[in-house]
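**Student:** after the sequence you'll find the predicted model.
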Amino acid sequence: MMNVSRPAIHPVDALPVAPTTGAIDRPPVRMKDVQGMPGTTGGLILRLSQFVPALISVSVMVTTSDFRSATAFCCLVLAVSLQSLWSLSLFLVDAYALLVRRSLRNHSVVQCFTIGDGVTSTLTFAAASASAGITVLINDLGQCNVNHCTRFETATAMAFISWFAVSPSFILNFWSLATH
C-alpha cells in the first residue's frame, strides 16, 4: 500500500499512479568493487603478498640439499611452486585489468579464481602442515645438526604466510559468487 499524504492535512495535487508491471526501466545499480577482489588494487597487493612468500619458500627449500629426504618436503616444494605460479599469473591478470581499466567481475572469471584459490590454498596448507610436523619430528629427535632445520622452518613458515594471504582472496571471491 502506498503512503500518500491526505489532502486535508497537506494539500497536494494527486499524482497519477503508474501501473506496476514488474519491469524496471532504470539501469541496474552496479556494486562497488570491494578491495581485495580481482581487478582492484587490493587484489593486486594480495596476489603479490601470496607470491613473494611462496617464492621464498620454494627458493629456500630447493637450495637445501636434503629436502628430498622426506616426502612432505617434496610435497611442499610442489604445492608452493603451484601457489607461486598461480599467484603470479593472477597478479599479472590483475595488473593488466587495472592498466586497461577493465572489471573482472565476470561470473566465469570469479568462479575460476575461486576454484583456483581454493585448490592452491588447500594444497599449500596441507603441505605446510606436513612439513611442520616433519620439522618438529627432526628437531625432537635431535637431528638438527645433520639436517637443515632452520631452512626447513623458514620454508614452512613462508608457506603458511602464503596460505594466510590466499585466504582473504578465496573468501572474497567465494562471497562474490554466493551473492551473485
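**Tutor:** Great, that's in hand.

**Student:** next secondary structure after the helix or strand where Ser108 lies?
**Tutor:** Element membership of Ser108, judged by DSSP states H and E, is helix 107-140. The element immediately downstream of helix 107-140 (helix or strand, assigned by DSSP H and E) is helix 149-179.

**Student:** other SSEs contacting that next one?
**Tutor:** In this structure, helix 149-179 packs against helix 41-62, helix 71-99, helix 107-140, with contacts taken as 3 or more Cβ pairs under 8 Å, 6 or more residues apart in numbering; DSSP states H and E. In this view, the C-beta of every residue, glycine as well, is placed from N, C-alpha and C.

**Student:** return the most buried member of those helices.
**Tutor:** Burial of the helices and strands packed on helix 149-179 is given as mean neighbour count (mean count of other Cβ atoms under 10 Å); helix 41-62 ranks first at a mean of 21.

**Student:** which residues outside it are in contact with it?
**Tutor:** For helix 41-62, the external contacting residues (Cβ atoms under 8 Å, 6 or more residues apart in numbering) are 34-37, 67, 73, 76-77, 80-81, 83-84, 87-88, 90-91, 94-95, 98, 124, 151-152, 154-156, 158-159, 161-162, 165-166, 168-169.

**Student:** before we move on, back to that, dump the helices and strands packed on helix 149-179 to JSON lines, plus distance to Thr179 and mean pLDDT.
**Tutor:** Compiled in JSON lines, those are given as follows (distance: least, Cβ to Cβ, whole Å; pLDDT from 0 to 100):
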{"stretch": "helix 41-62", "distance to Thr179": "17", "mean pLDDT": "93"}
{"stretch": "helix 71-99", "distance to Thr179": "21", "mean pLDDT": "93"}
{"stretch": "helix 107-140", "distance to Thr179": "11", "mean pLDDT": "92"}
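
**Student:** a markdown table for those helices, including distance to Ala178?
**Tutor:** As requested, the helices and strands packed on helix 149-179 are exported to a markdown table (distance: least, Cβ to Cβ, whole Å):
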| stretch | distance to Ala178 |
| --- | --- |
| helix 41-62 | 18 |
| helix 71-99 | 20 |
| helix 107-140 | 10 |
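
**Student:** next up, the contacts around Leu82.
**Tutor:** The neighbourhood of Leu82, defined by Cβ under 8 Å, 6+ apart, consists of 120, 123-124.
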